[in-house]
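# Any chance you can model this:
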Amino acid sequence: MNVLALGIGNILFGDEGIGVHLCNYLKVNYTFDSKEHTITFVDGGTLANMLIPLIVEYDHVLLLDCVSVENAQIGDVYSFSFDKIPSCITWAGSAHEVEMLQTLHLTKMMGDLPQVHVIGIVPEVIGEDTAFSLSESLLRGALTMEQNAISYLENLGFHISKTKNIPLQEIANNSYKGF
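Residues are numbered from 1 along each chain as shown. Below you'll find the predicted structure:
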């Protein structure tokens, strides 16, 4: 089984880049071992529809992103299967979220959508000023995102070990360099 951990977001706009930052954080700080499975970590940025050829090559996709949720608090985390999106998720917080939702729907319509699991967080800052800094509320919520991602991947059969402890904000400060 091939698994894609896909970080989505614009790293130039603070909290909006959390999907990319968390994807990089997992890649840098953990090892993922399995005799039967492989995992690939990808910074999907805001590429949306251009990611379709990549997405269809995998059996499972773990999508890390920020989400818009009616009546939610900043830093709240939502973990769900794409085929069971909670009704409270509006996906309307930023342009990339709408495009990613459309990308997944298009891929599903073509009959090529693998199993997709979304872990999303409600951001504090989206696209107001160019910044790599993440809000305190988001950093606290990212701990829950991290644990959800680890649990999901362990349930798929990965043995996971933490090998480094590079802080998420440090990862965010350097995401533009790639990991």
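# can you pull out the strands in the chain?
2-8, 30-33, 38-45, 60-66, 77-81, 115-121, 159-162 (DSSP state E).
# Could you please name the strands the second one pairs with and the direction of each pair?
It stands for strand 30-33. strand 159-162 (antiparallel) (DSSP bridges).
# As CSV, the strands of the chain with mean pLDDT would be great.
Converted to CSV, the strands of the chain look like this (pLDDT from 0 to 100):
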stretch, mean pLDDT
strand 2-8, 97
strand 30-33, 98
strand 38-45, 96
strand 60-66, 96
strand 77-81, 96
strand 115-121, 96
strand 159-162, 98
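# With Ser151 as the reference, name the closest of those.
The closest of the strands of the chain to Ser151 is strand 77-81. By CB to CB, the value is 8.6 Å. The C-beta positions use only the backbone N, C-alpha and C, and glycine is treated the same way.
# And the closest one, what's buried?
Val77, Tyr78, Ser79 (16 or more other CB atoms under 10 Å).
# now stretch 104-115
Leu104, Thr107, Leu113, Pro114.
# Please apply the same query to stretch 119-139.
119-127, 131-132, 134-135, 137-139.
# nearest to Glu57, of those?
Ile119 (20.8 Å).
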